[in-house]
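Asks: coordinates for the following, if possible.
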Amino acid sequence: MIRRVFLIALLTLALPAHAQSVKLKAHEIDALLSGNTAIGKWDGTAYRQYFDPDGTTIYAQTGARSTRGEWRIDADKDEYQSIWPRDADWEGWFVMEWDGAFYWVSKATPPTPFELVEGERLVAP
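Replies: Have a look, this model is predicted:
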């Protein structure tokens, strides 16, 4: 009986846990984005966005001129924030991870998936 209980407990621990969404903390967002490029689709259009460690960011879409903005992390809100040349205020986004995938999340839009590649990769290979 003790062996059976031990075996059941061991199998339970060995089984993979169900995937859960996790809201990244400020330091995790900074480590994820800083010096790297996000790739995804925004409103159906492919984009690439590089996050320079100096706080500048470049947003590039196929067939459009690149835009340079600024980015930061708000440690109190655990969110990524950006501001662009025509914006009056900083806009904030949570970064979520679910089952190994990353998502931009705000109150105004549904979760938007993105991939991350190391370094400045504004041009597709």
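
Asks: right, and the helix or strand after the helix or strand of the chain with the lowest mean pLDDT?
Replies: Every helix and strand of the chain was ranked by mean pLDDT, DSSP states H and E. The lowest is helix 2-14, at a mean of 37. Next in sequence after helix 2-14, counting helices and strands by DSSP states H and E, comes strand 21-23.

Asks: for that following strand, packing partners?
Replies: Counting by 3 or more C-beta pairs under 8 Å, 6 or more residues apart in numbering; DSSP states H and E, the packing neighbours recorded for strand 21-23 are strand 91-98. The C-beta positions use only the backbone N, C-alpha and C, and glycine is treated the same way.

Asks: make it 10 Å
Replies: For strand 21-23, the contact count by 3 or more C-beta pairs under 10 Å, 6 or more residues apart in numbering; DSSP states H and E identifies strand 91-98, strand 101-105 as packing neighbours.

Asks: who does the closest residue to T57 other than its chain neighbours bridge with?
Replies: Distances taken as C-beta to C-beta, 6 or more residues apart in numbering put W71 closest to T57, at 4.3 Å, once the chain neighbours are dropped. Here W71 sits in beta bridges with S82, as judged by DSSP bridges.

Asks: dump the helices and strands packed on strand 21-23 to JSON lines, plus mean neighbour count, mean pLDDT and distance to I58.
Replies: Listed next are the helices and strands packed on strand 21-23 as JSON lines, based on neighbours: other C-beta atoms under 10 Å; pLDDT from 0 to 100; distance: least, C-beta to C-beta, whole Å:
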{"stretch": "strand 91-98", "mean neighbour count": "17", "mean pLDDT": "95", "distance to I58": "17"}
{"stretch": "strand 101-105", "mean neighbour count": "17", "mean pLDDT": "96", "distance to I58": "17"}
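
Asks: before I go, just wanted to say thanks for your time.
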